[in-house]
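*Asks:* have a look at this prediction, sequence included:
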Amino acid sequence: MPESAITSTAPLRLRLSRDDLIQGGCLIGFAAVLCAAIFLPLYAMLSKSLEDADGKFLGFANYAEYFNTPTLLSSAQHTITIGVLTTLIVVVLAFIYAYALTRSCIPFKGLFRGIAVVPILAPSLLPAISLVYLFGNQGMIKEALLGHEIYGPIGIVIALAFWIFPHTVLILTTALSSADSRLYEAAVALRTGRVRTFFTVTLPGAKYGVMSACFVAFTYAITDFGAPKVIGGWYNMLSVDIYKQVVGQWNFQMGAVVSVVLLFPVIISFVADRLVQRRQVAQISARSVPFEPKPNRRFDLIMLAYCLVIAIILVGILAVAAYASFIKFWPYNLSLTLDNYQFDLMDGGGWKAYRNSIVMAVWTAGIGTLIIFTGAYFIEKSQRYGKFRSILQFIAIVPLAVPGMVLGLAYIFFFNPITFTIPFTGVELPNPFSFLYATMGILVICTIVHYYTVPHLTALTALKQMDREFEAVSASLKVPFYKTFSR
């Protein structure tokens, strides 16, 4: 064989196309934005855990002091117990609810979808307050607990389940809504039972969504502050410990130490997430036939009854809070009044603060949706940069493990100083982001980061159902990726 023929078989370097270069640049820009919005503020916050009150470096002395605190072990055990129990309850309830919406022919699906999402608009404080009115010492139906107290783990789990339920329903509905009807037709042709079809076709197809829902539920449960603070009683949790250290004692250093402890679950979640992703296969291909549920009177009635019960519970908790807002003085004066809505007489800005909240929500929804979905698309559909995409996926999960109060404090410590010091050098540089402090911009950025993970996982779950053949065919026809993305 000629020598030239032998040399021609040497490995060739793959040339990057223009689309690959653009996607790579977008991934780099996306990573830079996420790092600036997440890790730089967290570094400013976590550095406090290695300093004393005067800003002097102490090393791990604060960690040693905190781990020697007797209440730490009980708080950590309580936090893990609540996280596991809440995850099991809420994921099972949400899966059945999502299954009813996507795999049955019940009426009023739009109404049930809307009711399931409504709790997302309420803070975790609201269900906890409603439970106090229902089952507290002066509650309306406190006898329903059969002598048990609502203050403690029972109340925390119920309040968290209410608050986390819509987040998991969104993810699971997305996972269950996309299915190939041919798989179910094959199961019927092979005379496979409904139960076996569920465990061999339905559940494996929604596996990634179920795991994502578990990660979201567990991390939200262990990092939430509102529910355990309002209804937890003496049942200590790590998120409440942060509040006690930071707000109660102004001990930012110890608050940062507890924050580090709460960051550990995100690493476990990421590892499990990657293991599941490796076995996830696309459920929709170019030849797929959309699944359409067939009427089954018995099954549809059972699903309708279940959705009605869940919807009544959700609406009931919201209604109790709404009713209590009109009460003059619970439980001694139950007459109705509008005095509680005189925001102008309250501290905190009154109606101006309400207007600012609406403006912030509009900016957050618009900008956040664009950033999150675009980022999820590049992470899932970019053909190259595999390891870099894995790093970005890890970064996107990090905000889920950061409590809102911790993130807010991190933003204060990062955006407030006019200058910042480069670690281990002592060199001071001007802070290019200080102009955002005390503006609407910092509120929008902080809110997007705080709620980033759930919509990211929802978008990623939906994109995973789409076969990569769509991008491959577009590339073969020389259609730019941004046209495929927009279409």
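*Replies:* Arrived safely, thanks for sending. Just so you know, these numbers come straight off a predicted model, no measurement behind them.

*Asks:* tell me who's in contact with Phe135.
*Replies:* Applying Cβ atoms under 8 Å, 6 or more residues apart in numbering, one finds that Phe135 lies in contact with Ile141, Lys142, Ala144, Leu145, Ile150, Gly155. C-beta here means a position set from N, CA and C on the backbone, and glycine is covered the same way.

*Asks:* without its sequence neighbours, what residue ends up closest to it?
*Replies:* Nearest residue to Phe135, sequence neighbours excluded (Cβ to Cβ, 6 or more residues apart in numbering): Ile150, at 3.8 Å.

*Asks:* that neighbour: what secondary structure?
*Replies:* Here Ile150 is coil, with the state taken from DSSP: H, G, I helix; E, B strand; the rest coil.

*Asks:* swap in Leu429?
*Replies:* Classification of Leu429 using three-state DSSP returns strand.

*Asks:* now do the contacts for Ile372.
*Replies:* Ile372 is in contact with Ile448, Tyr452, Pro455, His456, Ala459, counting by Cβ under 8 Å, 6+ apart.

*Asks:* in strands, which of the residues you listed fall?
*Replies:* Among those, none falls in strands (DSSP state E).

*Asks:* give me the pLDDT for the closest residue to Phe225 other than its chain neighbours.
*Replies:* Nearest in space to Phe225, with sequence neighbours left out and distances taken as Cβ to Cβ, 6+ apart, is Ser239 at 4.4 Å. For Ser239, the model assigns a pLDDT of 81.

*Asks:* likewise Leu190?
*Replies:* 74.

*Asks:* now swap in Ala31 and tell me
*Replies:* 85.

*Asks:* that one reaches Ala396, doesn't it?
*Replies:* No: in this structure Ala31 lies outside contact range of Ala396 using Cβ atoms under 8 Å: 10.2 Å.

*Asks:* ok, the two, which is more surrounded?
*Replies:* Ala396 (22 against 17; other Cβ atoms under 10 Å).

*Asks:* so what's that one closest to, chain neighbours aside?
*Replies:* Once flanking residues are discounted, Ala396 sits nearest to His456: 4.8 Å by Cβ to Cβ, 6+ apart.

*Asks:* among the contacts of Phe135, which two are most distant?
*Replies:* Farthest-apart pair in the contacts of Phe135 is Ile141 and Gly155; separation 13.8 Å (Cβ to Cβ).

*Asks:* before we move on, back to that, just give me the closest of the contacts of Ile372 to Phe299.
*Replies:* Using Cβ to Cβ, Ala459 is the member of these that sits closest to Phe299, with 30.5 Å.

*Asks:* and for the residue nearest to Ala396, the neighbour number?
*Replies:* Using other Cβ under 10 Å, His456 has 22 other residues around it.

*Asks:* likewise for Ser486?
*Replies:* So Ser486, with other Cβ under 10 Å, has 7 neighbours.

*Asks:* check the gap between it and Phe373 for me.
*Replies:* Using Cβ to Cβ, to the nearest Å, Ser486 is found at 12 Å from Phe373.

*Asks:* and the host helix or strand of Thr71, average pLDDT?
*Replies:* Following DSSP states H and E, one finds Thr71 within helix 70-103. The pLDDT scores in helix 70-103 average 89.

*Asks:* buried residues in the helix or strand just after that helix?
*Replies:* Toward the C-terminus, helix 70-103 is succeeded by helix 109-117 as the next helix or strand (DSSP H and E). Of the residues in helix 109-117, those buried by neighbour count under the rule 16 or more other Cβ atoms under 10 Å are Phe112, Arg113, Ile115, Ala116, Val117.

*Asks:* now render the residues you listed as TSV, adding pLDDT and distance to Ala475.
*Replies:* Formatted as TSV, the buried residues of helix 109-117 follow (pLDDT from 0 to 100; distance: Cβ to Cβ, whole Å):
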residue	pLDDT	distance to Ala475
Phe112	94	40
Arg113	93	36
Ile115	94	43
Ala116	93	38
Val117	91	36
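
*Asks:* all helices of the stretch 351-487 of the chain, in order?
*Replies:* With DSSP state H, counting those that start in this stretch as the criterion, the stretch 351-487 of the chain has helices at 351-381, 386-397, 404-415, 440-450, 453-464, 469-476, 481-486.

*Asks:* among those, which is nearest Asn296?
*Replies:* It is, among the helices of the stretch 351-487 of the chain and with distance given as Cβ to Cβ, helix 453-464, at 26.5 Å.

*Asks:* tilt between the closest one and helix 351-381?
*Replies:* Relative orientation of helix 453-464 versus helix 351-381 (axes from the mean of the first three to the mean of the last three Cα atoms, to 10 degrees): 30 degrees.

*Asks:* what's the helix holding Thr71 packed up against?
*Replies:* Counting contacts by 3 or more Cβ pairs under 8 Å, 6 or more residues apart in numbering; DSSP states H and E, helix 70-103 packs against helix 109-117, helix 153-177, helix 207-223, helix 238-243, helix 297-324.

*Asks:* pick out the shakiest of those, pLDDT-wise.
*Replies:* Set side by side, those give their lowest mean pLDDT on helix 238-243, at a mean of 79.

*Asks:* how far off centre is that one?
*Replies:* 19 Å (Cα atoms, centre = their mean, to the nearest Å).

*Asks:* just stretch 47-63 next, same as before
*Replies:* Offset of stretch 47-63 from its chain centre (Cα atoms, centre = their mean): 31 Å.

*Asks:* right, and Ala321 touches Ser130 too?
*Replies:* Yes: using Cβ under 8 Å, Ala321 is in contact with Ser130, at 4.5 Å.

*Asks:* which non-adjacent residue is nearest Pro153?
*Replies:* Using Cβ to Cβ, 6+ apart and skipping residues adjacent in sequence, the residue nearest Pro153 is Tyr235, 5.7 Å away.

*Asks:* nothing else from me, thank you.
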